[in-house]
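In: Here is my input; please provide its structure:
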Amino acid sequence: MTLEEVRGQDSVPESTARMQGAGKALHELLLSAQRQGCLTAGVYESAKVLNVDPDNVTFCVLAADEEDEGDIALQIHFTLIQAFCCENDIDIVRVGDVQRLAAIVGAGEEAGAPGDLHCILISNPNEDAWKDPALEKLSLFCEESRSVNDWVPSITLPE
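Out: You can find the predicted model right below:
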């Protein structure tokens, strides 16, 4: 039995509960950030924000469905964004359900709704640190994931 198998046996229920808690926290964070106007959606829009003001970005979500996995350009953008976020101490997660993400942030036909949800940034609304319990939970989740060399953990959003 390998070390990974031993670890996996002990932590399956714990990791499932941890993942569900992170998914719920991400859902809450997205809604809260959208209400406060701290949400930037879109790969290119996110790259602009990261270039201009990376110090105010607190969290990054990369989202791709199975059909997006074959999009080489999108994967290159993801790699660059991941590297930038890691270098600038910005917590980052992956989500595998763009449709569910769209349902949460309200993407649709109405004016002003974000169209490209492959990358979402959450920024501080002002210079004071934004204290959101969901953001704190997700930061802890990312820190725990990094401690086991999972630099960009995947999160499943709740239904």
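In: going forward, measure contacts between C-alpha atoms and count neighbours the same way
Out: OK.
In: any idea whether the spatially most central residue of the chain is helix, strand or coil?
Out: For the chain, the residue sitting closest to the mean C-alpha position, by CA atoms, centre = their mean, is Val61 at 2.3 Å. Three-state call for Val61 (DSSP: H, G, I helix; E, B strand; the rest coil): strand.
In: contacting residues around it?
Out: 92-95, 118-121 (CA atoms under 8 Å, 6 or more residues apart in numbering).
In: Quick check: bridge partners of it?
Out: Assessed by DSSP bridges, Val61 has beta-bridge partners Val93, Ile120.
In: Tell me the secondary structure at Asp116.
Out: coil.
In: Check the contact between it and Val43; I expect there is one.
Out: Yes: when contacts are counted by CA atoms under 8 Å, Asp116 is listed as touching Val43 (7.1 Å).
In: what about these two, which has more around it?
Out: Val43 (19 against 16; other CA atoms under 10 Å).
In: Is the more buried one in contact with His118, as I believe?
Out: Yes: using CA under 8 Å, Val43 is in contact with His118, at 6.2 Å.
In: what about the chain, any weak spots by pLDDT?
Out: 1-16, 107-114, 125-130 (pLDDT under 70).
In: 50 instead?
Out: Under the criterion pLDDT under 50, the flagged ranges of the chain are 3-4, 6-13, 108-113.
In: Could I get the full set of helices for it?
Out: Counting by DSSP state H, the chain has helices at residues 3-36, 43-52, 72-87, 98-105, 133-147.
In: which helices and strands does the second one pack with?
Out: In terms of contacts (3 or more CA pairs under 8 Å, 6 or more residues apart in numbering; DSSP states H and E), helix 43-52 is packed against strand 119-123.
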